[in-house]
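A.B. asks: Coordinates only, no sequence provided:
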RNA sequence: GGGUCGGUGCCCGAGUGGUUAAUGGGGGCGGACUGUAAAUCCGCUGGCUCUGCCUACGUUGGUUCAAAUCCAACCCGGCCCA
């Protein structure tokens, strides 16, 4: 029995991966069984609202979840409002900061907001949003002890993240051991047929299977997708590494980042983030990269916006014409106090993170006004009107049109 | 609870009384180069409407003309013992 192509695309691993027609061993069989019984599968995916922005690394999961929805199944989206307060230790080299309830709630809200464009929120029966505080917040001690009894210290220490930290003599807080168990218990709570996750979630998802068995449920399938590399092309896309492409960014920013992606990441991006066949891409590496950037941007912002972003990006990097281009984002001078020295202007307008940084950039020859290099951080501008309509530039890619 | 070692800037990691935001590496940001990127080379890398002023070496006090460096208490961590 074969898996449908929409399901198999981009898949990194599936367990159990039996070839039989046993619906507990083979996902294809489980799908067939569901279809025969007219019962949609319950496909779980959990997000911990620890930040506020969703990026492409997350969106590959949601695309797969959407594919399940489109095939008639139920996406069970777990908002880990309780587990977020512990923090998933997976991939972490240090104990995570625990978040308070308020921050978690605010994050959860903005998360859901951003998901509207990715998931089917409208068709009845296709989406269930659950918060795991519903069943975790009042988990009583006897139940907890029961959970703790299902795993051993040895199993936990076999997990890479823990064993390397332990080996390095770094602290591991006891509550971190709880995380995989609680995530697993989520699967029990929602009676999941499938849990979606990155390959780094293998342990946690397997834990869900153990717990489901423990509570006499049919164990879920683990469907793993690759970890999307970030804009550096190597390390996992993650906010703390600063290599993300966010869903809420302007199309031009998205396109520009993607166009600069290392070559090795191009095919994975196309496979995981678009519906294109990687074999159809241009052979020339540069053209290939541009095609990928265009397609991914289009999947996020629509074809029209993507084409405009591509055209704008092209004029921007050509430098000279940048001052003419309508693509340059505008920045208001309303909040800037005049007279303004150059370093202050740069930071006040948001082009540099701090005025000290702005001074450095100017001294380093990175700043231009209408294409002319500024050299003196203390150069003074007396009135907003003198700057109205002019283009301030940092480096080769950051432009702002100043408006009085 | 006892012993012991340790807590330095985004990260790692030197520094052990005295120009100086504090060696070095990583990362980041700029510049040159290239098909963008990568690689390589160079510069920068606490904050502030700034040519000076603030805040910084776990916390709080203390000694001193002067402390990341000495002392005390406290907090946190690793390892060993109980």
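C.D. replies: Looks like it came in fine. Since the structure is predicted, the reported quantities are computational estimates derived from the model, not experimental observations. Numbering: from 1, shown residues only, chains lettered A, B, ... in the order given.
A.B. asks: Closest residue of chain A to RNA strand B?
C.D. replies: For chain A, the residue closest to RNA strand B is residue A:337, as judged by CB to the nearest atom of the strand, at 2.3 Å. Using the backbone N, CA and C atoms, a C-beta is placed for each residue, glycine as well.
A.B. asks: quick one: secondary structure of that residue?
C.D. replies: Here residue A:337 is recorded as coil under DSSP: H, G, I helix; E, B strand; the rest coil.
A.B. asks: Please work out how many residues are found near it.
C.D. replies: Each residue near residue A:337 was counted by other CB atoms under 10 Å, and the total is 10.
A.B. asks: List the contacts of the residue nearest to it when sequence neighbours are not counted.
C.D. replies: Counting by CB to CB, 6 or more residues apart in numbering, residue A:348 is the residue found nearest to residue A:337 once chain neighbours are left out, at 7.8 Å. Contacts for residue A:348 (CB atoms under 8 Å, 6 or more residues apart in numbering) come out as A:335-337, A:340.
A.B. asks: Which one (most neighbours) among those residues?
C.D. replies: residue A:340 (21 neighbours).
A.B. asks: Ramachandran coordinates for it?
C.D. replies: Backbone torsions for residue A:340, taken as degrees, to the nearest 10, come to phi -120, psi 130.
A.B. asks: same question, residue A:78
C.D. replies: phi -90, psi 120.
A.B. asks: ok, it - how many residues close by?
C.D. replies: 25.
A.B. asks: Now do the phi/psi pair for residue A:273.
C.D. replies: phi -120, psi 0.
A.B. asks: who touches it in this structure?
C.D. replies: A:56, A:59-60, A:63, A:228, A:295-296, A:299.
A.B. asks: Please narrow those to those residing in helices.
C.D. replies: Assignment to helices by DSSP state H places the following of these there: A:56, A:59-60, A:63, A:295-296, A:299.
A.B. asks: tell me which of those is nearest to residue A:396?
C.D. replies: Nearest to residue A:396 among the ones in helices among the contacts of residue A:273, counting by CB to CB, is residue A:296 at 21.8 Å.
A.B. asks: neighbours of the nearest residue to residue A:230 once chain neighbours are set aside, just the number please.
C.D. replies: Leaving aside its sequence neighbours, residue A:230 sits nearest to residue A:243 (CB to CB, 6+ apart; 2.8 Å). Neighbour count of residue A:243, defined by other CB under 10 Å: 19.
A.B. asks: Report the contact partners of residue A:243.
C.D. replies: Residue A:243 makes contacts with A:230-232, A:235, A:237, as judged by CB under 8 Å, 6+ apart.
A.B. asks: hmm, try it at 6 Å
C.D. replies: A:230-232, A:237 (CB atoms under 6 Å, 6 or more residues apart in numbering).
A.B. asks: which residues of the stretch 51-200 of chain A fall in helices?
C.D. replies: Remark: helices assigned in the stretch 51-200 of chain A by DSSP state H, counting those that start in this stretch are A:56-70, A:101-115, A:133-136, A:141-148, A:153-158, A:160-167, A:174-190.
A.B. asks: Please tabulate the ones you listed in TSV, including the columns mean neighbour count, distance to residue A:269 and mean pLDDT.
C.D. replies: Shown next, in TSV, are the helices of the stretch 51-200 of chain A (neighbours: other CB atoms under 10 Å; distance: least, CB to CB, whole Å; pLDDT from 0 to 100):
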stretch	mean neighbour count	distance to residue A:269	mean pLDDT
helix A:56-70	22	8	95
helix A:101-115	16	19	82
helix A:133-136	18	35	93
helix A:141-148	12	39	91
helix A:153-158	13	32	88
helix A:160-167	15	26	84
helix A:174-190	22	28	92
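A.B. asks: Present the ones you listed as TSV; the columns should include distance to residue A:259.
C.D. replies: Formatted as TSV, the helices of the stretch 51-200 of chain A follow (distance: least, CB to CB, whole Å):
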stretch	distance to residue A:259
helix A:56-70	14
helix A:101-115	23
helix A:133-136	41
helix A:141-148	48
helix A:153-158	41
helix A:160-167	34
helix A:174-190	36
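A.B. asks: Settle this for me: residue A:220 is touching residue A:187, isn't it.
C.D. replies: Yes. Counting by CB atoms under 6 Å, residue A:187 is a contact partner of residue A:220 at 5.4 Å.
A.B. asks: returning to what we had before: ramachandran coordinates for the residue nearest to residue A:337?
C.D. replies: Residue A:348 has phi and psi values of phi -70, psi -30 when expressed as degrees, to the nearest 10.
A.B. asks: Does the host helix or strand of residue A:287 reach RNA strand B?
C.D. replies: Per DSSP states H and E, residue A:287 falls inside helix A:285-301. Yes. Counting by CB under 7 Å from any atom of the strand, RNA strand B is contacted by helix A:285-301 at A:285-286, A:289.
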